[in-house]
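Student: Whatever this is, show me its structure:
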Amino acid sequence: ASMYLLGNAFRTDQQKPPDRLPTVKAARAFFKEIDAMEKLVAKKKPKAGDPVVVGHYAAALEILDTYLDLVELPPTSSGHYDKDFDTLVGESARIT
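Tutor: Numbers count the residues shown, from 1 in each chain. Coordinates of the predicted model:
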């Protein structure tokens, strides 16, 4: 749901329905690939490197990079998403 909300925030034309936005289309395509991958994994325990599962994962990752570019975020290969998430701002969360 957050991908739809973020994608909808990047509208350039208020007349265009949300379903026609490139960001929302990318989000839907991403969810479609992830759902297909999850169904394969849940149905049977695939072997490491199963080409069908890897294909869905690779397609989802490519779509995710397209989506991130559309919403002006760095790509998955940037290293930003490899770091631990921290809710603190600066040295501490306190305003001093």
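Student: Tell me which helix or strand the residue lying closest to residue 30 once chain neighbours are set aside sits in.
Tutor: Here the nearest residue to residue 30 in space, its sequence neighbours aside, is residue 63; by Cβ to Cβ, 6 or more residues apart in numbering that works out to 4.5 Å. For glycine as for every other residue, the C-beta is placed from the backbone atoms N, C-alpha and C. With the criterion set as DSSP states H and E, the secondary-structure element containing residue 63 is helix 51-70.
Student: what stretches of the chain score poorly on pLDDT?
Tutor: Low-confidence segments of the chain, defined by pLDDT under 70, are located at 1, 86-96.
Student: at 90 instead, please
Tutor: Using pLDDT under 90 as the threshold, the predicted model of the chain has low-confidence ranges 1-24, 40-50, 53, 71-74, 78-96.
Student: May I ask you to name the longest helix in it?
Tutor: Secondary structure assigned by DSSP state H gives helix 22-43 as the longest helix of the chain.
Student: Now do that one and helix 51-70, the angle between them.
Tutor: Angle, helix 22-43 to helix 51-70, by axes from the mean of the first three to the mean of the last three Cα atoms, to 10 degrees: 160 degrees.
Student: which strands and helices sit next to helix 22-43?
Tutor: For helix 22-43, the packing partners by 3 or more Cβ pairs under 8 Å, 6 or more residues apart in numbering; DSSP states H and E come out as helix 2-9, helix 51-70.
Student: Make TSV out of those and add mean neighbour count and distance to residue 34.
Tutor: What follows is those, written out as TSV (neighbours: other Cβ atoms under 10 Å; distance: least, Cβ to Cβ, whole Å):
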stretch	mean neighbour count	distance to residue 34
helix 2-9	14	11
helix 51-70	16	5
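Student: and the residue sitting nearest the centre point of the chain, what is it in contact with?
Tutor: When the chain is reduced to its mean C-alpha position, the nearest residue by Cα atoms, centre = their mean turns out to be residue 64, at 4.3 Å. Shown here is residue 64, whose contacts under the criterion Cβ atoms under 8 Å, 6 or more residues apart in numbering are 30, 76.
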